[in-house]
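Asker: with the input below, show me the fold.
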Amino acid sequence: MFQTIKNAWNVPELRKKMLFTLLIILLYRLGASIPVPYVSADVLSSFNQYAAGSIFQFMNILSGDAFAKATLFALSVSPYITASIVIQLLTVAIPALERMSKDEDGKKKITMLTRIVTVVLALVTAYGYAMVLNSYGMLSFTDDDSAKVFKYAVIIACFCAGAALIMWLAEKINEHGIGNGISIILFANIVASLPSIASSLFGMMFDGSKFKWTGLITVIVTLVVVLAVVVLVVWFTNSERRIPIQYAKRVVGRKMYGGQSSNLPLKLNMTGVMPIIFANSIVAIPATIAAFFPNTKWLSWINEHFNYYTWPYLLVFLVLIIAFAYFYTLISFNPVEVANNIRDNGGAVPGIRPGKPTSQYIQKILNRITLIGAVFLCFVSGFPMVITIIDYAIHDGVLTLGALAFGGSSLLIVVGVALETMHELEAQLTMRNYKGFLD
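Answerer: Below is the predicted model of the structure:
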């Protein structure tokens, strides 16, 4: 990995892209530290005790601690991700949008539609977030304040502007940087949260000023498990199912072409971390809405019985991971097109007739490996949540391992984005005929 970065740095064009990406990350972290007017900074330090183990804690991790501090970028990439999910689902369901997605002008219109939906979702989320801050007494004005409406408008406008600016920064990374913009920002946010997570682990070794050996053992076991999961994620992400392809011999003039064997590699984890991001965004909607209106009885029931430490939440979360794994594979890989390309180049899968039988064979294998990849994602992201649910039940509703519920998802995002970015760097190097980048 380090050799790949070094070789990419030696290529002027790639160096500019890497520096541009770092600049965008720096600007993002700067925006994540800019305070929003009329928010009381002196009481925000108590936010974590309200958010422990809830959807707010996960949103805080994805925002790089900006959500807990109610800064300009508090909403992070959540509105943009949710808008992208909605538009992609509509593209599959509505034929007109599907036709638009196949030409350049249509793609531009879909991109504009995604931006509009992002702003609308950001407006709704910002309003709800402002209500939450007010219910916890974190705003620097009272309900009888004569300028209350104006101050609410300023707070909501700041949060919406921050979400729109994040969307713009992510698109700039896509255009001029390295990697997927949303994934890079998520990666930077989770890495920025590592110091606080490390501090929490360190605090587990002490009970006041007294050292606890059980806490030390817990920390050591946690670190070993994290290292094992990283190795497992790297190994599984790089694993692939290879479909053999045999090309027929053909004579052109006096030369003979073809006759060689090749293969079609299919990644076991073809979808990467996107199903987890999508599933988290969707399954968290009921709990988020309920948290925005804590005084509503039936919403309070949802908040109590459908959150990160309940079995129904976990079940829905795992089902959505599997569903989004198949959905993302459906929109990113076309077996019919691949089968036609193989046939047009004189190739065939041994024992399978060209054309439709080949596409059906590829689809059958794709369904199997997608299920394997989805089960893997469910295990890595769901197992910490199972431990958290058991811990919550054992301690009678007290979370002693609140951050653990999000450890699997966060780790998958960090490792997955790092691997995807390295693969893109290698692809960029290969396109520029750079020799020896794997040496």
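Asker: residue ranges of the helices in the stretch 251-400 of the chain, please?
Answerer: 274-292, 297-305, 311-332, 335-344, 356-394 (DSSP state H, counting those that start in this stretch).
Asker: a markdown table for the ones you listed, including mean neighbour count?
Answerer: Placement of C-beta: from N, CA and C, glycine included. A markdown table is the format used below for the helices of the stretch 251-400 of the chain (neighbours: other CB atoms under 10 Å):
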| stretch | mean neighbour count |
| --- | --- |
| helix 274-292 | 22 |
| helix 297-305 | 13 |
| helix 311-332 | 18 |
| helix 335-344 | 16 |
| helix 356-394 | 18 |
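Asker: mind checking those helices for the one nearest to residue 263?
Answerer: Evaluated over the helices of the stretch 251-400 of the chain, closeness to residue 263 peaks at helix 335-344, with 11.1 Å, by CB to CB.
Asker: who are the packing partners of that closest one?
Answerer: Helices and strands touching helix 335-344, by 3 or more CB pairs under 8 Å, 6 or more residues apart in numbering; DSSP states H and E, are helix 356-394.
Asker: distance between the helix it packs on and the chain's centre?
Answerer: Computed by CA atoms, centre = their mean, to the nearest Å, the chain-centroid distance of helix 356-394 equals 16 Å.
Asker: so how far is the next helix or strand after it from its chain's centroid?
Answerer: Next in sequence after helix 356-394, counting helices and strands by DSSP states H and E, comes helix 407-431. The chain centre lies 12 Å from the centre of helix 407-431; the measure is CA atoms, centre = their mean.
Asker: now swap in stretch 314-330 and tell me
Answerer: On CA atoms, centre = their mean, the centre of stretch 314-330 falls 13 Å from the chain's centre.
Asker: re earlier: got CSV for the helices of the stretch 251-400 of the chain, with mean pLDDT and distance to residue 260 too?
Answerer: Formatted as CSV, the helices of the stretch 251-400 of the chain follow (pLDDT from 0 to 100; distance: least, CB to CB, whole Å):
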stretch, mean pLDDT, distance to residue 260
helix 274-292, 75, 35
helix 297-305, 69, 60
helix 311-332, 87, 28
helix 335-344, 85, 14
helix 356-394, 85, 18
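Asker: quick one: low-confidence ranges for the stretch 101-250 of the chain?
Answerer: Under the criterion pLDDT under 70, the flagged ranges of the stretch 101-250 of the chain are 141-146, 204, 207-208, 249-250.
Asker: now the strands for it?
Answerer: 206-207, 210-211, 240-247, 250-252 (DSSP state E, counting those that start in this stretch).
Asker: flag every buried residue along stretch 23-39.
Answerer: Within stretch 23-39, the residues scored as buried using 16 or more other CB atoms under 10 Å are 24, 25, 28, 29, 31, 32, 36, 38, 39.
Asker: could you measure the closest residue to residue 159 other than its chain neighbours against residue 348, distance?
Answerer: In space, and not counting its chain neighbours, residue 159 is closest to residue 126: 3.6 Å by CB to CB, 6 or more residues apart in numbering. Going from residue 126 to residue 348 by CB to CB, to the nearest Å gives 56 Å.
Asker: that'll do, ta.
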